[in-house]
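Undergrad: Just need the structure, nothing else, for what follows:
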Amino acid sequence: MPCVVRYATAATAMFEVDAGAAAALVPDDLRIVETSPGRCQLVLAVIDYRDNDLGDYREVGVSLFVTPAADPAAEPGTFIVHLPVDQEFTCEAGRLIWGFPKTVEEIDLDVTGDRLTATLRMDGELVFGLTLPAGGDDDMPELPMVTYSMIDGVPHVTGFIQGGAASAVRPGPDGVALELGDHPVGRRLAALGLPAPALLSTWTGHMRGEFQSPTPIAAARS
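TA: Model prediction:
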């Protein structure tokens, strides 16, 4: 450790969803961060890892923002609800090291012109298809962030740094389209209120980052 990402391409879309329904997807040790009464933010992320300590692979993430239930003043971070990947090694490593809910699934990525389309299928069924704007000219400064996960029933926090080049942040829903399938995960997203207009989308053509070792939340507080 740290696990280093030297080169990846990443795109995200952020949506506002029902906080009560989202809370049912989060362990009791964590609390949803509400952005307004009864509402919270959900991020769909698509990452194509090209040069990474865990290999080259594709990944799709579904994340919510949380704080520890025992320390609501702690730094807000992400809680990953689903994290499909398309290779076995990164799946096993992510589950064992960080407690990330990785599974091996069918992920198709297509970049055509200024659009990325990601299609996720599980058990042969469509979960979702997500189209996002591609391309950017900005630099993304390296930012420290945290993500929360459960390891053997114990809440942990992991610090990570992410930045990059050829980036863009696009407020609003322009260029973002989400189609949900009938797979149970797709229906779970529909129960949150998706599809809905995106709050924003991001693109990073050359993403870099580092993931630290996870720390039990009690130890992190002390």
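
Undergrad: who touches the longest helix seen in the chain?
TA: Ranked by residue count under DSSP state H, the longest helix found in the chain is helix 88-98. Contacting residues not belonging to helix 88-98 are listed as 3, 49, 52, 54-55, 57, 59, 83, 85, 100-104, 147, 149, 151, 156, 158, 211, 213-214 [Cβ atoms under 8 Å, 6 or more residues apart in numbering]. For the C-beta atoms, the positions are set from N, CA and C on the backbone; glycine is no exception.

Undergrad: In the next helix-or-strand element following it, which residues are buried?
TA: Using DSSP states H and E, the helix or strand that follows helix 88-98 towards the C-terminus is strand 102-104. Neighbour counts over strand 102-104 (16 or more other Cβ atoms under 10 Å) mark 102, 104 as buried.

Undergrad: Same question for stretch 6-19.
TA: Result for stretch 6-19 [16+ other Cβ under 10 Å]: buried residues 8, 9, 10, 11, 12, 13, 14, 15, 16, 17, 18, 19.

Undergrad: Looking at those residues, which is nearest residue 45?
TA: residue 12 (4.6 Å; Cβ to Cβ).

Undergrad: Show me where this structure dips below the pLDDT cut-off.
TA: 219-222 (pLDDT under 70).

Undergrad: Spatially central, which residue of it would that be?
TA: Of all residues in the chain, the one closest to the mean position by Cα atoms, centre = their mean is residue 61, 3.7 Å from it.

Undergrad: how about the closest residue to it other than its chain neighbours, secondary structure?
TA: Among residues not flanking residue 61 along the chain, residue 45 sits closest, at 4.1 Å (Cβ to Cβ, 6 or more residues apart in numbering). Look at residue 45: counting by DSSP: H, G, I helix; E, B strand; the rest coil, its state is strand.

Undergrad: And for residue 218?
TA: Classified using three-state DSSP, residue 218 is helix.

Undergrad: which SSE is the residue nearest to residue 109 when sequence neighbours are not counted in?
TA: Spatial nearest neighbour of residue 109, excluding adjacent residues (Cβ to Cβ, 6+ apart): residue 118 at 5.4 Å. In this structure, residue 118 sits in strand 115-122 according to DSSP H and E.

Undergrad: Direction included, what does that strand pair up with?
TA: strand 106-112 (antiparallel), strand 125-133 (antiparallel) (DSSP bridges).

Undergrad: Using CSV, write down the CA coordinates of that strand.
TA: What follows is strand 115-122, C-alpha atoms only, in CSV (Å, rounded to 0.1, in the frame of the first residue of the first chain):
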residue,chain,number,x,y,z
ARG,A,115,-20.1,10.5,-25.8
LEU,A,116,-19.4,7.6,-23.6
THR,A,117,-22.0,4.8,-23.2
ALA,A,118,-21.6,2.2,-20.5
THR,A,119,-23.8,-0.8,-20.3
LEU,A,120,-23.9,-3.1,-17.2
ARG,A,121,-25.4,-6.5,-17.4
MET,A,122,-25.7,-8.9,-14.4
